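Trainee: I'll drop the sequence and a predicted model, then ask my questions.
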Amino acid sequence: MPGEPQDDCLFCKIVAGHVPATIVRETDTTVAFRDINPQAPTHVLVIPKVHYKNAAELAAGEPTIAADILREAQAVADDEKLDSYRVVFNTGTGAGQTVWHTHAHVIGGRGLQWPPG
């Protein structure tokens, strides 16, 4: 059921403290941790503590938590002293989503080309 922890979800296990992660920020509704395969000097994932498979489902089901993710992305950028950065939500396998729990990538600390890919 949307919003409830899933036994087979890596990010739900991180939220529960069953899988270690390098946590950089935590609020009542979100957890931010360093990506294990960073694509830039700063690469932090911001996830909701509730389980929704992608950003669109989270926005429809719990829009205030979707806003919390964006607020925390800014807080991560501030903590990391990033002048510019990218926030990315991958949705679906074709876009590169590999964990089916909403997550925002906060990427910065180097020049980022456009278009991405």
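Mentor: Done, it's in.

Trainee: Strands along this structure, start to end?
Mentor: Using DSSP state E, the strands of the chain run over 23-26, 30-34, 42-48, 85-88, 104-108.

Trainee: Turn the ones you listed into TSV, including distance to residue 67 and mean pLDDT.
Mentor: (Glycine included, C-beta is placed from N, CA and C.) Below are those laid out as TSV (distance: least, CB to CB, whole Å; pLDDT from 0 to 100):
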stretch	distance to residue 67	mean pLDDT
strand 23-26	16	98
strand 30-34	10	98
strand 42-48	11	98
strand 85-88	13	97
strand 104-108	12	98
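
Trainee: which one of those strands lies closest to residue 14?
Mentor: Comparing these against residue 14 with CB to CB, the closest turns out to be strand 30-34 (6.6 Å).

Trainee: Pairing partners for that closest one, with directions?
Mentor: As defined by DSSP bridges, the strand partners of strand 30-34 come to strand 23-26 (antiparallel), strand 42-48 (antiparallel).

Trainee: Which among those strands is found nearest to residue 33?
Mentor: strand 23-26 (4.7 Å).
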